[in-house]
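S.K.: Take a look and give me a structure for this.
(2 chains)
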Amino acid sequence: MNKIMTIVRKEWAEVFKNRMVIFTVVFLPLLLTAIPLGVLYSVRSSTPAASTSTASLPSDVTTAMCPDGSSGSDCMQIFLISEFMMLFMLLPVAIPVTIAAYSIVGEKTTRSLEPLLATPITTMELLVGKSLAAVVPGVLATYGAFGIFALGTWIMLANKILLTTLLDLRWLIAVFIVGPLIAVLAVTFALMVSSRVNDPRVAEQISMVVILPVLAGFFGQVAGLFVLNSRLILIVAMVLLMLDAGMLFMTTRIFQRELILTRWK
Amino acid sequence: MIHTENLTKKFKEVLAVEDLSLDVAEGEVFGFLGPNGAGKTTTVRMLTSLIGPTSGSATVSGFRLGMQDTEIRRAVGVLTETPGMYDNLSAEYNLRIFAELYEVKDVKGQIDKYLKMLGLYERRLDSTGTFSKGMKQKLAIARTLLHEPRILFLDEPTAGLDPEAAHLVRDFIAELKKEGRTIFLCTHNLDEADRLCDRVCVFKTHMLVVDTPANLRKSLYGRKVIFHLVSSDERLAKVVRDLPFVHEVKIVDNKLVVKLDSPEVQNPDVVRTLVGAGAEVQFVGELRHSLEEVYLELVKDA
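M.R.: Model (predicted):
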């Protein structure tokens, strides 16, 4: 455990000196929090006709999302909040992949991997340390951003129905359980890709592919193809759990010390 | 301390190391010489359990390769071909990471000790990105020694260093030798190998020869003595050539180059014979072939 923490501290000391990483960890969550709050504020301040119209919403969405007794305005805002919640699924992918990519780029460019592997650290300790260093900031940033969003929404809307939606179990599961599971998937995928390519930029770009299913979820819900309800979220969480286990198994199989040394050039 | 038996490494179809069998004794400085791509780094990587052999076996510090790899890594110190520092971090933090990974008890004490020893203490808080190549190499040596390993693998420790830094590093290696540490030294610098190594191994995928530098010279060239004369000619060469213990005589300017088995015993007879034949001997010295000549001779047909 001590060696894992040494790797985590080393990774953080290194990557947080990189402006791109700092931007991703600090500004991306702020941006993805500020935009939804701004949109919610503008909807709330707009003309009643615009804000209360639910005609543009798919009927499935209104049926599934709008509780009894909610007005058209409530329903529109619930829909918007639900959409914005999907953004909090993007953060646990974008931040860890950026950190993982930069941490690997660092090892590659400084040729520091060989001395590191020459120490008594096990491959598992090294991988867990690197993964934790990437996952933890992503998850914490997501929680922080969600907290700010929830607080902002509460202050701005002060509406019991909307707050109930915000703190609905499915979204709590999505943010606090699915988020970290996505982050683990993203990082293991990034590490796996890194072992197979020689160009760090290619590794980063390919690793970002993990973001596509999340984007598909975002746009799918906007288009009314499906509604992310509690059941679907639980299914997603289960699938992610299995995917994570599979990816972790594959990563530890693929990451032989010799392979890391001869491939991570 | 290091024992290998038919150690072989193949990368797909490429044979990097073939049937390497050698023994390195405790406290010995063992030079591992060979051209680029000869398999030196691969050998070091195998012996430090960074990569596994395709076949053969080895023990390092009594631990079996492939079965006790973590123990091997704990027991040895490795100076890799490139220093591989974390350039955004300070020299002290770079060492701290490795001290923790090697589970050093007195982390600060060991870091300070080697930073002072290698003249880097004043710069300990500076990021290594601001260090010169020589300073980075010294820091890498400090990193290699933090856990006080008894076996050191040094891969090209003076490569790319200016003469002053290279001299400092060589002196430091000599100090480590005095401490009785076993040193496996990969180098292209044959003068360095000649000065530091007890034995050298000339290697090109497989082992060509292993012996002391002096014995290698002797086995390839024999021992040659130069007799500086006021003037020399074929008559004087013939007189010397007729001596029963002389193997070979060559005239080079006013000098006679004579190949002998034991110059310490036979030189007086040669001098006496030359003086008797009317030659005026100015001085006598041994012709010393450089290790470079020996090396080039050995690898040219390999």
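S.K.: pretty sure residue A:118 is touching residue B:81, no?
M.R.: No. Using C-beta atoms under 8 Å, residue A:118 and residue B:81 do not qualify as a contacting pair, with a distance of 11.9 Å. All C-beta spots, glycine's among them, are computed from the backbone N, C-alpha and C.
S.K.: Of these two, which one has the most company?
M.R.: residue A:118 (29 against 15; other C-beta atoms under 10 Å in any protein chain shown).
S.K.: For residue 32, give me its contacts.
M.R.: Answering for chain A, as no chain was given. Residues in contact with residue A:32 (C-beta atoms under 8 Å, 6 or more residues apart in numbering or on different chains) are A:87-88, A:90-91, A:145.
S.K.: I was thinking of chain B, sorry if that wasn't clear
M.R.: Contacts of residue B:32 by C-beta under 8 Å, 6+ apart are B:40, B:43-44, B:184-187, B:200-201, B:203.
S.K.: Can you name the residues bridging to it?
M.R.: Counting by DSSP bridges, residue B:32 is bridged to residue B:186, residue B:201.
S.K.: For residue B:159, which non-adjacent residue is closest in space?
M.R.: residue B:188 (7.0 Å; C-beta to C-beta, 6 or more residues apart in numbering or on different chains).
S.K.: secondary structure class for that neighbour?
M.R.: Secondary structure, DSSP: H, G, I helix; E, B strand; the rest coil: residue B:188 is coil.
S.K.: From residue B:33, how far off is it?
M.R.: Using C-beta to C-beta, to the nearest Å, we find residue B:188 at a distance of 8 Å from residue B:33.
S.K.: ok, those two, which is more surrounded?
M.R.: A count of neighbours by other C-beta under 10 Å puts residue B:33 above the other of residue B:188 and residue B:33, at 27 against 15.
S.K.: Look up the closest residue to the more buried one, ignoring the ones flanking it.
M.R.: Residue B:33 sits nearest to residue B:202 (C-beta to C-beta, 6+ apart), 5.1 Å away.
S.K.: tell me which parts of the stretch 101-250 of chain B are close to chain A?
M.R.: The stretch 101-250 of chain B comes close to chain A at residues B:101-103, B:140, B:143, as judged by C-beta under 8 Å from any C-beta of the partner chain.
S.K.: Give me the contacts around the longest helix seen in chain B.
M.R.: Ranked by number of residues, the top helix in chain B under DSSP state H is helix B:163-178. Helix B:163-178 is contacted by residues B:27, B:29, B:117-119, B:132-134, B:137-138, B:141, B:145, B:152, B:154, B:157-158, B:161, B:183, B:185, B:189, B:192, B:195-196 when judged by C-beta under 8 Å, 6+ apart.
S.K.: how close does the residue nearest to residue B:33 sit to residue B:35?
M.R.: Distance of residue B:202 to residue B:35, given as C-beta to C-beta: 10 Å.
S.K.: who touches both of the two?
M.R.: residue B:299.
S.K.: if we can go back for a sec, looking at the contacts of residue A:32, which is nearest chain B?
M.R.: Nearest to chain B, judged by C-beta to the nearest C-beta, of the contacts of residue A:32 is residue A:91 at 24.8 Å.
S.K.: Which parts of the strand or helix carrying that closest one count as buried, going by neighbours?
M.R.: Under the criterion DSSP states H and E, the helix or strand holding residue A:91 is helix A:72-110. By neighbour count on 16 or more other C-beta atoms under 10 Å in any protein chain shown, the buried set for helix A:72-110 is A:72-108, A:110.
S.K.: Ok, stretch B:292-299 next?
M.R.: For stretch B:292-299, the neighbour count (16+ other C-beta under 10 Å) marks B:294-295, B:298-299 as buried.
S.K.: And for stretch B:118-133?
M.R.: In stretch B:118-133, counting by 16+ other C-beta under 10 Å, buried: B:118, B:120, B:123-124, B:127-128, B:131.
S.K.: a markdown table please, covering the residues you listed and showing distance to residue A:1.
M.R.: Listed next are the buried residues of stretch B:118-133 as a markdown table, based on distance: C-beta to C-beta, whole Å:
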| residue | distance to residue A:1 |
| --- | --- |
| B:118 | 31 |
| B:120 | 31 |
| B:123 | 32 |
| B:124 | 28 |
| B:127 | 28 |
| B:128 | 27 |
| B:131 | 32 |
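S.K.: least trustworthy position among these, going by pLDDT?
M.R.: pLDDT is lowest at residue B:118 among these; the value there is 88.
S.K.: which residues touch it?
M.R.: Neighbour list for residue B:118: B:138-139, B:141-142, B:172 [criterion: C-beta under 8 Å, 6+ apart].
S.K.: Now, these that are in helices?
M.R.: B:138-139, B:141-142, B:172.
S.K.: and of these, the nearest to residue A:206?
M.R.: residue B:139 (34.6 Å; C-beta to C-beta).
S.K.: Which pLDDT value goes with that closest one?
M.R.: Reported pLDDT for residue B:139: 94.
S.K.: Would you agree it is in contact with residue B:94?
M.R.: Yes. Using C-beta under 8 Å, residue B:139 is in contact with residue B:94, at 6.6 Å.
S.K.: Which of those two has more residues huddled nearby?
M.R.: Between residue B:139 and residue B:94, residue B:94 has the larger neighbour count (other C-beta under 10 Å), namely 29 against 24.
S.K.: Distance check, the more buried one against chain A.
M.R.: The gap separating residue B:94 from chain A is 9 Å, by C-beta to the nearest C-beta, to the nearest Å.
S.K.: so where do the strands sit in the stretch 101-250 of chain A?
M.R.: Assigned by DSSP state E, counting those that start in this stretch, the stretch 101-250 of chain A shows no strands.
S.K.: Apologies, that question was intended for chain B.
M.R.: For chain B, the strands defined by DSSP state E occupy B:2-11, B:14-24, B:29-33, B:55-60, B:63-64, B:76-79, B:151-155, B:182-186, B:199-204, B:206-211, B:223-229, B:248-252, B:255-260, B:281-287.
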